[in-house]
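*Asks:* here you go, sequence then predicted model.
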Amino acid sequence: MQNYIQRGDAIYVPAPAGGVVSSQPLVVGKIFGVVSETVSAGTVFALWRKGVYSLPKTNAQAWAQGDALYWDAANSVVTNVNSGSLLPVGWASDAAANPSSVGNVLLGQSAS
């Protein structure tokens, strides 16, 4: 196949102003992913966009396995409640209790 570039599990992007910290969620344009390593601004790193990650969630919220999840940039958390303008990021890979500060997220962003 002549047009194949890469698998796409991770894409390589330059770190924004202020740099990035390993394991933190990051949005580049409309692409949501998890930062692979701590680097300074301008340094190219892998932004993982597939896999299951433990990410910060809305504390006072319960998730059921399979719930659709969204990135709430205003609060820097993943939520299962879409206000209509949040970025879809994937699904709950496991149930998460209320209260709890983290939840397991299966990344699989849709293009909606």
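*Replies:* That came through, no problem.
*Asks:* just the endpoints, please. Distance across stretch 86-104?
*Replies:* Terminal residues of stretch 86-104 lie 18 Å apart, using Cα to Cα, to the nearest Å.
*Asks:* what does it contact?
*Replies:* The contact list for stretch 86-104, computed with Cβ atoms under 8 Å, 6 or more residues apart in numbering, reads 25, 27, 30, 32, 52-57, 59-73, 78-80, 82, 105-110, 112. Every C-beta, even on glycine, is put in place using the N, C-alpha and C of the backbone.
*Asks:* please flag which of the residues you listed sit within strands.
*Replies:* In strands, defined here by DSSP state E, the members of the contacts of stretch 86-104 are 25, 27, 32, 52-56, 68-72, 78-79, 105-107.
*Asks:* before we move on, the earlier item: and the buried ones among the contacts of stretch 86-104, selectable in PyMOL?
*Replies:* Here is the PyMOL command that picks out the buried ones among the contacts of stretch 86-104, judged by 16 or more other Cβ atoms under 10 Å:
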select buried, resi 25+32+53+55+56+57+61+62+63+67+69+70+71+72+78+79+80+105+106+107+108+109
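*Asks:* quick check: domain ranges of the protein?
*Replies:* Per the record, the chain has its domains at 10-49, 52-107, by automatic domain parsing.
*Asks:* of all those, which one comes closest to residue 3?
*Replies:* For these, proximity to residue 3 was assessed by Cβ to Cβ; domain 10-49 is nearest, at 16.8 Å.
*Asks:* residues of that closest one that come out buried?
*Replies:* Buried residues in domain 10-49, defined by neighbour count with 16+ other Cβ under 10 Å: 10, 13, 15, 20, 25-26, 32-35, 39, 45, 47-49.
*Asks:* mind checking which residue lies nearest the centre of the protein?
*Replies:* Closest to where the C-alpha atoms of the chain average out (Cα atoms, centre = their mean) is residue 33, at 4.1 Å.
*Asks:* separation between it and residue 99?
*Replies:* 26 Å (Cβ to Cβ, to the nearest Å).
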